[in-house]
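Asks: just to be clear, the model below is a prediction. Sequence and coordinates:
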Amino acid sequence: MSQPFRLEKGGRIDRNASVTFSFDGEELEGYQGDTLASALLANGQHLVGRSFKYHRPRGIVTAGSEEPNALVSIHRKGDQTPNIRATQVELYEGLEATSQNRFPSLGFDVGAINDILSPLFPAGFYYKTFMWPKSFWDRVYEPIIRSAAGLGYAPKNPDHDRYANTYAHCDVLVIGSGPAGLAAALSAAESGARVILCDEQAEFGGSLLSETTSTIDGLAPAEWIVKTVTTLAGMDNVTLLPRTTAFGYFAQNFVSLAERVTEHLAQPDAKLPRERLWQVRAKEVVIAAGSIERPMVFPENDRPGIMHAEAGRTYLNRYGVKVGDKVLVATACDSAWQAAFDLADAGTEIAAIADLRPNPPESLVSIAKARGIRVETACSVTGTSGRKRVSKALLGRISESGSVSAAGEVACDAILMSAGWTPTVSTYSQSRGKVVWNEEAQAFLPGVHVQNERSAGTCQGVFGLDAVLKDGYAAGEDAAKAATGKTGKVTYSIGSGDEMISGTFMGEIPHDRDASRVKAFVDYQNDVTAKDVKLAVREGMHSIEHIKRYTTTGMATDQGRLSNINALAIASKALDKPLTAVGLTTFRQPYTPTTFGTFAGQSRGQFFDPVRKTPSHDWAVDRGAEFEDVGQWKRAWFFPQDNEDMHAAVARECKIAREKVGLFDASTLGKIEVVGPDAAEFLERMYTNPWKKLGVGRCRYGLMLNDAGFIIDDGVVGRIAEDRFHVTTTTGGAAHVFATMEDYLQTEWPELDVWITSTTEQYAVAAIQGPLAREVIAPFIEGIDLSAEAFSHMSVATGTFCGVPCRLFRISFTGELGFEVNVPRRHGEMVWKTLAAEVEKRGGVFYGTETMHVLRAEKGYIIVGQETDGTVTPDDCGMNWAIGKKKHDFVGKRGLARPDLVAENRKQLVGLLTTDPKVVLEEGAQVTTSANPAKGTPADGHVTSSYHSATLGRSIALAMVKNGRALEGETLYVPMPEGSIPVKITGTVFFDKEGERLNG
Amino acid sequence: MAEDMVTTLYAPDAGEEPLLSLPDVSMLKTAPVTRLSFRGREEARKAAGKGFGFALPTKALNAKTKDDKAALWLGPDEWLLLAQDDALETTLSSLEKALSETPHALVDVSHRQDAILVTGSKATWLLNVGIAIDLHIDAFAVGTVTRTLFNKAPIMLWRVSEDSFVVEAWGSFMDYVSGIMIEAAEELKAA
Amino acid sequence: MLLIHCPYCETERPELEFVCRGEAHIARPQDPSSQTDEQWAEYLYLRENHKGIYAERWRHIHGCGRFFNAVRDTVSDKFLSIYKTGEPKPDLDALAARFAKSSAEAKK
Ligand SMILES: [Zn+2]
């Protein structure tokens, strides 16, 4: 029979919409409106997984996000998502779910041997056992433990779903939509505040969704929900977010929500994101997180069929599912009695109500008697049996002295338990508030408020429907007033029929069994028993933080929402200390597990980081360029022709650039316009070089240090006018140099009349280098005399190029005659193509960053960040010529005089030539004085740049070597795994030492 | 006021297909305009106003517009001055003339950034995909201009009417900014 | 993510738009050449970086671009005072006392 445990009527499911789904390959039926958990229960399937450590059969315990056991894998579109709580999965047509942590099958699992061997696995087992030999940890223990541990399997394929992000702001964020949350949202909205209401469930209403006996304003709870939600939905100032978990509460009311947009749909539209991260900044927050029932820690309390009483009631009233045919109710709290009554009224046999309390309220006892239900007081469960489902319970009678005597057996196929209620303080705790123990409520409740938030309803210990509603309305009004200063006309609804509940128990239920043999579970998900907690105390763990880590109780994905209070009570009893003296661990983000996809949002693939392209990019792609990433920039690396590899392409590019001409995109270099009467004075302070005497129309290489005296950037600076300089920086240093200049200007020298503006992207820059450079640009330039005399090396002028405005520099980073054409960016592509055609016509090449590196290394020009590493001075690089000797001060001048910077034996930049010209050294390799240095010998230096030079027909390298300049001509070694490579120390300039080619 | 900007300064680029064209939101590249970065102290601000044609705003995050020009407050000593694309030379020279006696910096940044126009009832929804500031009309009024971030890209955002915004970004960042919005807008096409 | 009030933009903005640049009120010596090695090392490297009330330099880098100073409680992350560059350093002890008093009142 299909759905044997589904009732004829009742519940919020749509009985006209039957849904087919599968669990572990078996096809089952449910209804629209079911969760996977309720549909499984309707089919009589309690067993849904195996436990983490002992592989014990486990069933559904709750009906909410706190579910510790029913973790399943959901399969969709050929991929799977592990560790999804069946209680949160909305059923859809074709849903495929499988159980986890079992092999080969859920019914028969070989890992269950762990359960039989469990005396071998006490608390702290791993710490104690896998200590010796040390070398076994990496190779033997860890791999085995890892393969046996963990729940589910991580998906192997890239996530094909889309994820979205949004930033949102509101006056009042209400977390949770039970009676308190709905009331708070309504009163805040009616006060005129911008409200966001979120709830992790598909429907708003929280506990009211499974409430049938009480009324609000005379309406059934279901009707009141419809009325309230309809009102809220009609208000412009309200955003309603169902299926949305507030998973993280951060500083200054920054709250992260995860909205599951399509997870519940059978055929989600591919245009919709799967999940959306809401990053909400709320002026005020109302936490209406509710409370959850506490399990009873009795022996064998983990068999399938044993669940929270309120969960049993929820499955009945909300989903029309009875959790068993013969149900035992074990409780220490009034609320479970109502579950028994509801089930009995729906036709389920109640085997008994066993209340731990000697004197439960007479009113309840008489209702039970009227229904013919057997009532046992001062009585609880002391054991259970049944392999894949509970079939029998042992009862025990507790005497006044606390001793327990057997009180018979009860046959049952489900046990509903309730040790009372635990207010959900996770979200409050995340706000950095500290919970305090409330004696009256017998619970930890929100204490002082660190942020602009308030709790409402049962999460702050207010119970009883009308009290909860009142608390909610007041919280909403209060929050709206605090956020906006406004108040509105708010009508409070009146609730009735659900009175204050009483009764609570914390810790291990007394029993008459052999305490050393039975397992009474405290934390289901991490398989932690009462015995483990007591053992931890015996072994010296006296703080709850230590007990937690030693036993792993409360360390599962529910962060101990079910287990903490019981664990604490057991520990406090074992320690003979009051509960509050043992302490409570802190709840942290996330409230429930959150997918990586949600965090990543759109920041993946092409949008992971901005991809910055120069105006010549598309052209370079067409020309088959290979690209390299330089920061966020894509730069052409080399231009291979006819299946050339990089080596061949670079050799060709280098050779032709020196013989004829080469074209290189220098657009990514940072550019800063320094303008104002004090511009020269400012540069005088920022750079090592002197600037005041630089003539208009002239350029100079600038070297920038930090105040410690180390090189941080370099570039060419051109004087455009008396009060205007065009500064260039390295590509990678652009943002930092700009920020550093602003820092000095704003905070050290605010009196200077000078301002800086980034012009990096105002200009596209083409570098034309080589003997034919002048011929290449000449046809297009107007307004500038290009003759060697009129426009010598290190000149700058403005004119036009192809009719567009242009700043032309005569500079060189290759040692060849060179020009750099700066044109407004949107003209860059046109100018580039014009130059490219001209270069091709003259037999020149296009070259990329690799050739640029080789050409400059042949000339011994440094690259900041390659030759330098933040600890290199100008003198180390042989660049004292760049320091203005007469300058009284500049950034770094005092630093250069520090003892370590003027000490002997600093590393200095030198050239290296290998004895074998074919050997290209490895960049980063160490340089030593001995061919075979003893182990532990410090290196004398390291290789900073190394290339094959096609021009020289041999390898070249630059290196930083201790006292390097004094060692010129000597042989040192570069030790490599294949043997030491002898190298001769040389000067840093390998090509055209006189620099004559610059003046072509 | 600023609504006119859509038709005068930030006209949709005639040669460009809309980046996005949905019933509730559209995204258009705009035609080039003259952009001048102006830096200086109070005295310079006053002088610049004379050269530009109207006083530069002193109120933080505020834009002032007149005829076919706009002056945008970006910082206490920094403004972005906008004029028609063909008015670069005249605007520069009239400003420099008015400022000849006053220390200041005036730099042409017309090509540094590109602009897109995001318009429609879903404009704020789309912008908040990557912008972390509150764009509710009470918090970000018409005429408000600011630099901020769109995810990892620096942008300038100017609300020119209740439901239309100018987004400017340096040229190489624009594909990232508009690309994310285009991708995010996919869900608006869902049935 | 913190919310920070920019004294130039006169509005609160998310922390994303800002960078923190370490301890405030450490001026670059007027005449570096007269500094001893010890003094210079102290200027370069020695910072309080303590737990509690701390005056820091912040820059609204993705906004108005201005540097400003802020007194922040590094334990609670609360900003106690935000002021423009050039304005004097507030009395941190007095601020701390006032902050402690107001927090105590808020908790009641
Ligand atoms: Zn600011």
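Replies: That came in fine, so what should we check first? Numbering: from 1, shown residues only, chains lettered A, B, ... in the order given.
Asks: which positions within the worst-scoring helix or strand of chain C on mean pLDDT qualify as buried?
Replies: Of all the helices and strands that make up chain C, helix C:92-107 has the lowest average by mean pLDDT, DSSP states H and E, namely a mean of 81. Under the neighbour-count criterion of 16 or more other C-beta atoms under 10 Å in any protein chain shown, helix C:92-107 has C:Leu92, C:Leu95, C:Phe99 buried. Using the backbone N, CA and C atoms, a C-beta is placed for each residue, glycine as well.
Asks: what pLDDT does residue 191 get?
Replies: In the absence of a named chain, chain A is used. Listed pLDDT for A:Ser191 reads 96.
Asks: right idea, wrong chain: chain B
Replies: As predicted, B:Ala191 sits at a pLDDT of 78.
Asks: who's in contact with it?
Replies: By C-beta atoms under 8 Å, 6 or more residues apart in numbering or on different chains, B:Ala191 lies in contact with A:Asp269.
Asks: tell me the SS of it?
Replies: In three-state terms, and counting by DSSP: H, G, I helix; E, B strand; the rest coil, B:Ala191 is coil.
Asks: quick check: residues of chain B near the ion?
Replies: Applying C-beta under 5 Å from the ion, one finds that chain B does not approach the ion at all.
Asks: what are the structural domain limits within chain B?
Replies: Domain ranges of chain B: B:1-31+B:112-191, B:33-110, per automatic domain parsing.
Asks: helices of chain C, start to end?
Replies: Using DSSP state H, the helices of chain C run over C:37-45, C:92-107.
Asks: ramachandran coordinates for residue 89?
Replies: Assuming you mean chain A. The phi/psi pair for A:Val89 (degrees, to the nearest 10) reads phi -90, psi 120.
Asks: switch to chain C, that's the one I care about
Replies: C:Lys89 adopts backbone torsions of phi -70, psi 130, taken as degrees, to the nearest 10.
Asks: CA atoms only: put the least confident helix or strand of chain C into CSV for me.
Replies: Only the C-alpha atoms of helix C:92-107 are listed here, as CSV (Å, rounded to 0.1, in the frame of the first residue of the first chain):
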residue,chain,number,x,y,z
LEU,C,92,42.0,58.3,24.7
ASP,C,93,41.7,57.7,28.5
ALA,C,94,38.7,60.1,28.7
LEU,C,95,37.2,58.4,25.7
ALA,C,96,37.7,55.0,27.1
ALA,C,97,36.1,56.0,30.4
ARG,C,98,33.1,57.5,28.6
PHE,C,99,32.8,54.4,26.4
ALA,C,100,32.9,52.1,29.4
LYS,C,101,30.2,54.1,31.1
SER,C,102,27.9,54.2,28.1
SER,C,103,28.4,50.4,27.5
ALA,C,104,27.5,49.7,31.1
GLU,C,105,24.4,51.8,30.8
ALA,C,106,23.4,50.1,27.6
LYS,C,107,23.6,46.7,29.1
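Asks: downstream of the helix or strand of chain B with the lowest mean pLDDT, the next helix or strand is which one?
Replies: Within chain B, confidence by mean pLDDT, DSSP H and E is lowest for helix B:4-7 among all helices and strands, at a mean of 66. Toward the C-terminal end, the helix or strand that comes next after helix B:4-7 (DSSP states H and E) is strand B:20-21.
Asks: is that following strand up against chain A anywhere?
Replies: No. Strand B:20-21 lies out of reach of chain A by C-beta under 8 Å from any C-beta of the partner chain, never closer than 13.6 Å.
Asks: that strand pairs with which strands?
Replies: strand B:26-29 (antiparallel) (DSSP bridges).
Asks: export only the CA atoms of the strand it pairs with, formatted as PDB.
Replies: The C-alpha trace of strand B:26-29 is given here as PDB (Å, rounded to 0.1, in the frame of the first residue of the first chain):
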ATOM      1  CA  SER B  26      18.000  48.300 -19.300                       C
ATOM      2  CA  MET B  27      21.700  49.000 -19.600                       C
ATOM      3  CA  LEU B  28      23.200  51.200 -22.300                       C
ATOM      4  CA  LYS B  29      26.700  52.300 -23.100                       C
END
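Asks: pLDDT on it, on average?
Replies: 96.
Asks: again, but for stretch A:962-979
Replies: Computed over stretch A:962-979, the mean pLDDT rounds to 96.
Asks: now the helices of chain C as JSON lines including distance to chain A?
Replies: As requested, those are exported to JSON lines (distance: least, C-beta to the nearest C-beta, whole Å):
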{"stretch": "helix C:37-45", "distance to chain A": "5"}
{"stretch": "helix C:92-107", "distance to chain A": "4"}
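Asks: circling back to that earlier point, now for the least confident helix or strand of chain C, which elements pack on it?
Replies: If you count contacts as 3 or more C-beta pairs under 8 Å, 6 or more residues apart in numbering or on different chains; DSSP states H and E, helix C:92-107 packs onto strand C:53-59, strand C:67-73, strand C:79-84.
Asks: quick one: which of those strands is nearest chain B?
Replies: Nearest to chain B among those is strand C:79-84; the distance by C-beta to the nearest C-beta comes to 9.0 Å.
Asks: how is A:Pro771 assigned, secondary-structure-wise?
Replies: Secondary structure, three-state DSSP: A:Pro771 is coil.
Asks: list the contacts for the nearest residue to it once chain neighbours are set aside?
Replies: Excluding its sequence neighbours, the residue lying closest to A:Pro771 (C-beta to C-beta, 6 or more residues apart in numbering or on different chains) is A:Gly1000, at 5.6 Å. Contact analysis of A:Gly1000 by C-beta under 8 Å, 6+ apart lists A:Pro771, A:Ala773, A:Arg774, A:Ala788, A:Glu816, A:Leu817.
Asks: interface residues of chain B facing chain C?
Replies: Checking chain B against chain C by C-beta under 8 Å from any C-beta, the hits are B:60-61, B:74-76, B:78, B:132-133, B:146-149, B:154.
Asks: out of those, the closest to chain A would be?
Replies: Checking these against chain A with C-beta to the nearest C-beta, the nearest one is B:Ala132 at 4.6 Å.
Asks: so which bits of chain C are right by the ion?
Replies: For chain C, the residues in contact with the ion (C-beta under 5 Å from the ion) are C:Cys6, C:Tyr8, C:Cys9, C:His60, C:Gly63, C:Cys64.
Asks: thought A:Gly733 was touching A:Gly670?
Replies: Yes. Taking C-beta atoms under 8 Å as the definition, A:Gly733 is a contact partner of A:Gly670 at 6.5 Å.
Asks: thinking again about what came up before, how about the residues of chain C next to the ion, which pair is most distant?
Replies: C:Tyr8 and C:Gly63 (8.1 Å; C-beta to C-beta).
Asks: looking at these two, which is more packed in?
Replies: For C:Tyr8 versus C:Gly63, neighbours defined as other C-beta atoms under 10 Å in any protein chain shown are more numerous around C:Gly63 (25 against 19).
Asks: would you mind measuring from the residue nearest to the spatial centre of chain C to A:Glu673?
Replies: What sits nearest the mean C-alpha location of chain C, by C-alpha atoms, centre = their mean, is C:Glu56, with 2.0 Å. Distance, C:Glu56 to A:Glu673, using C-beta to C-beta, to the nearest Å: 30 Å.
Asks: now the helices for chain B?
Replies: Going by DSSP H, chain B shows helices at B:4-7, B:42-52, B:88-98, B:123-127, B:174-185.
Asks: need those in CSV with mean neighbour count, can you?
Replies: Formatted as CSV, these follow (neighbours: other C-beta atoms under 10 Å in any protein chain shown):
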stretch, mean neighbour count
helix B:4-7, 17
helix B:42-52, 19
helix B:88-98, 16
helix B:123-127, 23
helix B:174-185, 21
